[in-house]
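> here is a sequence together with a model predicted from it:
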Amino acid sequence: MAPESNPASNFAEYDYSNFYYGAGDDPMNLLGPFSDWYREALPNGYYLYSEPLQGAPETRVHVRNRKTGRIHELINMASYNYLGISYRPEVKEAAIKAVEKYGLGASGSPILSGTFDIHEEFNAELARFKGKEAVVVFPTGYSANVGFISGLMRAGDSIILDQYSHASVVDGAILAKSNTVFFRHNNPLDLERKLGKTKGKKLVVVEGVYSMDGDICTLPELLEVVKRHGARVLIDEAHSTFLFGQNGRGVAEHFGLDEEVDFHLGTFSKSLGGQGGFVAGSRKLIDYINAFGRSRFFSCNLSPVLVAGLLAGLRIVQKEPELRQKLWSNVAFLRRRFAEEGIDIGKSNSQVMPVMVNNDARVFAVAEKIQDRGLFLNPVTYPAVPKHKSRLRISVSAAHTEADLETAVRVIASVLREEGVCQ
Ligand SMILES: Cc1ncc(COP(=O)(O)O)c(C=O)c1O
């Protein structure tokens with residue numbers, strides 16, 4: 001509900017959740033209170049969102065500061081381009097060649113006029129990479145979750161979600177109209193309790209890496225419970241495909257449980273630095289989702305230009321496993337340095353690291369100071385994370401040098417000490 005007092009004058013006590021419902025019968029009534037608050041919040045720190053980058057998401061980026069209008073060179077600690085693939089010369093060259101051959105877009109849904117030879121080539125190579133019979137590709141990772149979950153589950157069925165599930169998983173469950181229950185994050189005992197009470201077909205959804213805390217899913221323990229209850233499991237490997245496991249297939253491979261997991265989902269927007277999502281599995285599964293995944297069926301196919309770049313990126317991942325090794329050595333370096341400086345990165349055990357600030361009002365000032373000293377990273381607050389668990393979110397890349405990471409640690413440590421967030 002919109003607050004009684006004036007949100008514009010004490011902006012820091014408000015967040016998006018205050019403006020979700022509004023009084024009156026006119027949907028336009030929602031706009032005014034939000035606009036008043038947002039206009040005040042922007043110059044006081046919210047401008048740190050959607051700042052425009054002036055070039056590729058490399059480890060150094062030029063970013064236009066919304067407050068001052070000036071462009072600054074910053075060390076990029078905010079990109080999902082975990083393997084530095086989006087701007088590789090082979091990837092750019094493939095996309096340039098493809099735009100000359102195909103033009104800009106697919107100009108149609110995949111089932112009508114929007115499938116090109118390059119889509120078939122990419123799908124076959126991705127299926128081989130994942131060790132599955134086939135894949136179905138969606139326009140985004142978001143629409144992969146929405147389309148897959150609602151394509152498979154029905155009213156009367158049960159979907160059991162980790163409490164920290166991504167919005168796209170939650171939205172897929174809403175669209176499926178199944179009974180949806182949440183279990184405590186990564187907690188097999190609570191999953192056991194929840195599964196014991198559910199009816200109908202049962203789908204449990206977990207994520208390989210949880211993107212706000214950077215912790216990986218407790219797959220072996222959860223899977224044991226899932227199997228005992230005769231449920232099926234979907235793993236969303238948005239932040240783990242192409243990174244984890246001996247072949248880079250993801251967290252399921254990392255645990256040696258690739259075959260035990262029923263449904264494997266991933267995105268191209270992160271480690272491949274492109275866009276799109278997919279599900280990999282048996283031919284039978286993919287044929288069914290091709291027919292019933294509405295966010296694919298009724299939406300334009302991925303641009304062939306993008307697919308050409310993705311194919312080049314996929315080949316790099318397979319040819320250069322040393323990229324993954326470099327990423328993990330960078331992660332180990334940063335973890336060690338944060339520990340030495342007494343900086344709290346919560347439960348992270350991946351390339352995503354939350355620097356905990358735990359102060360919803362102060363996190364923007366902390367982030368602004370860090371940016372002024374040369375780092376590009378994002379503050380995260382409620383509702384993306386629980387109240388009073390605000391943080392700065394860091395993404396490590398294989399492309400970072402140890403010198404980049406050392407600079408990042410020093411800047412973060414000095415600001416956190418000045419602001420009294422750590423000793
Ligand atoms: C776990 C998870 N699933 C799905 C998505 C959506 O992926 P995309 O950005 O490719 O649409 C994200 C995005 O951050 C995510 O973290």
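That came through fine. Residues are numbered from 1 along each chain as shown.
> tell me the domain boundaries of this structure?
If you go by automatic domain parsing, the domain ranges for the chain are 45-76+322-418, 89-319.
> what residues of whichever strand or helix holds residue 191 count as buried?
Using DSSP states H and E, residue 191 sits in helix 188-196. Using 16 or more other C-beta atoms under 10 Å as the burial criterion, the residues of helix 188-196 that qualify are 188, 190-192, 194-195. No exception for glycine: its C-beta is placed from N, CA and C like everyone else's.
> closest to the ligand among those?
residue 191 (18.0 Å; C-beta to the nearest ligand atom).
> now that closest one: closest residue in space that isn't a chain neighbour?
residue 183 (4.4 Å; C-beta to C-beta, 6 or more residues apart in numbering).
> residue 263 too?
According to C-beta to C-beta, 6+ apart, the nearest residue to residue 263 is residue 234 (4.1 Å).
> and what of residue 392?
Nearest residue to residue 392 in three dimensions, chain neighbours excluded: residue 355, at 4.3 Å (C-beta to C-beta, 6+ apart).
> residue 395 is in contact with the one you found, correct?
No. If you go by C-beta atoms under 8 Å, residue 355 and residue 395 don't touch, sitting 11.7 Å apart.
> of the two, who's got more company?
Neighbour tally, residue 355 and residue 395, criterion other C-beta atoms under 10 Å: the higher count belongs to residue 355, 29 against 23.
> ok so the more buried one is a strand residue?
Yes. Remark: residue 355 belongs to a strand, assigned using DSSP: H, G, I helix; E, B strand; the rest coil.
> chain center to the helix or strand containing residue 366: distance?
Assigned by DSSP H and E, residue 366 belongs to helix 363-372. In terms of C-alpha atoms, centre = their mean, to the nearest Å, the centre of helix 363-372 is found 23 Å from the chain centre.
> how about stretch 101-119?
26 Å.
> ok, stretch 292-309 next?
Relative to its chain's centre, stretch 292-309 lies at 19 Å (C-alpha atoms, centre = their mean).
> what about that stretch, how long is it end to end?
Stretch 292-309 has an end-to-end distance of 28 Å (criterion: C-alpha to C-alpha, to the nearest Å).
> equivalent analysis for stretch 194-211, please.
First residue to last in stretch 194-211 (C-alpha to C-alpha) measures 23 Å.
> stretch 146-157 too?
In stretch 146-157, first residue to last residue: 16 Å (C-alpha to C-alpha).
> pull the residues that contact it.
Stretch 146-157 has contacts (C-beta atoms under 8 Å, 6 or more residues apart in numbering) with 136, 138, 159, 168-169, 171-173, 175-179, 199-203, 205, 234, 263, 265, 279, 288-289, 292-297.
> having no further points to raise, I will conclude here.
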